[in-house]
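# I would like to see how this sequence folds:
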Amino acid sequence: MKWSKAEDELLITLREAGVQYRNKLPHFPGRSQDALRNRMGYLRNAERMDDLDNQIIGVFDIETTDLKADIGFMMSWAVYYPNEDRVVSDVIKKREVSNLSFDKRICKSLRKEFDNIDLLIGYYSTKFDIPYVRTRCLMNGVSFPEYGTIRHTDCFYAARGKVATSRKSLGVIAEALGVDDKTHEPKSVWRKARYGHEPSLAKLLAYNENDCKVTWQVYNELKKYGKYTSKSI
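Modelled structure (predicted):
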């Protein structure tokens, strides 16, 4: 059953009056307490997504040696701050591959960068980037933001529901939406970079930074067709 405007307005009024999720909510015909709590959370989230001007947004991407974090490691990370048109990034060094410390230093630098962000935006970051970074941080003895500290939006799920393309990779979605800035690097760059080849690492970092900007463009194109939601990192 579709939620009515009157129901939404009453739930917003209750929340603004200080009613919490754990409280027993007033009876709504045909609505369970769980449904009411979920709707209240949805409305709160939608309100936050409408108030992005007062939040620090960071668009995030990583590059890795492997798809599984207990086998590979992170080679670079980048965060694009669209409100400032500024990119912050870091990449491993050849000596870190040689001495087997791998991504420990850049896990620390990324963890520090997370402290500056209210809303993190990524592409397929729910299933890949965030779990990967969390795992690498834990394996390196680096703290990771706890539940409720940073909100996160994944453009992949909007793309999956709004665009009927043959694949849902960032490059395919960007092309379909007319975002033509997605760059490509041959697989040889990744092969060399994982061993600390500095020219390849430089190319990889530029690719990483550009993907953040492309993700932001995709985010803005897709938001024309529906509201985004966010949840904790």
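
# residue 153 and residue 232: what is the separation?
Noted for residue 153: a distance of 11 Å to residue 232, by C-beta to C-beta, to the nearest Å. Where C-beta positions appear, they are placed from N, C-alpha and C, glycine not excepted.

# of the two, who's got more company?
Taking other C-beta atoms under 10 Å, residue 153 and residue 232 do not tie; residue 153 has more neighbours (24 against 11).

# tell me the confidence at the more buried one?
The predicted structure scores residue 153 at 95 on the pLDDT scale.

# what number of residues lie near the closest residue to it other than its chain neighbours?
Once its chain neighbours are removed from consideration, residue 153 has its nearest residue in residue 230; the separation is 4.6 Å (C-beta to C-beta, 6 or more residues apart in numbering). As a burial measure, the neighbour count of residue 230 was computed by other C-beta under 10 Å and equals 18.

# can you confirm residue 174 is in a strand?
No. Going by DSSP: H, G, I helix; E, B strand; the rest coil, the assignment for residue 174 is helix, not a strand.

# which SSE is residue 153 in?
With elements taken from DSSP states H and E, the one containing residue 153 is strand 151-154.

# check which element follows that strand along the chain.
As assigned by DSSP H and E, the chain's next helix or strand after strand 151-154 is helix 155-162.

# domain map for this protein?
Structural domains of the chain, as assigned by automatic domain parsing, span the residue ranges 5-49, 55-232.

# of these, flag the one that's most buried.
A comparison of these by mean neighbour count, using mean count of other C-beta atoms under 10 Å, puts domain 55-232 on top with a mean of 17.

# can you get me the start-to-end distance on it?
Criterion C-alpha to C-alpha, to the nearest Å; first-to-last residue distance in domain 55-232 is 15 Å.

# in a helix, residue 6, correct?
Yes. Residue 6: assigned to a helix according to three-state DSSP.

# from residue 29, how far out is it?
For residue 6 relative to residue 29 (C-beta to C-beta), the value is 12 Å.

# repeat that for residue 141.
Counting by C-beta to C-beta, the gap between residue 141 and residue 29 amounts to 54 Å.

# which helix or strand lies directly C-terminal to the lengthiest helix in the chain?
Once the chain is assigned using DSSP state H, the helix that runs over the most residues is helix 198-222. Tracing the chain past helix 198-222, the next element assigned as helix or strand by DSSP H and E is strand 231-232.

# so which elements touch that following strand?
Identification of packing neighbours for strand 231-232 by 3 or more C-beta pairs under 8 Å, 6 or more residues apart in numbering; DSSP states H and E yields strand 151-154.

# give me the contact list for the strand it packs on.
Residues external to strand 151-154 that are found in contact with it (C-beta atoms under 8 Å, 6 or more residues apart in numbering): 48-49, 118-126, 130, 219, 228-233.

# residue contacts, residue 59?
Counting by C-beta under 8 Å, 6+ apart, residue 59 makes contact with 79-82, 120-122, 212-213, 215-216, 219.
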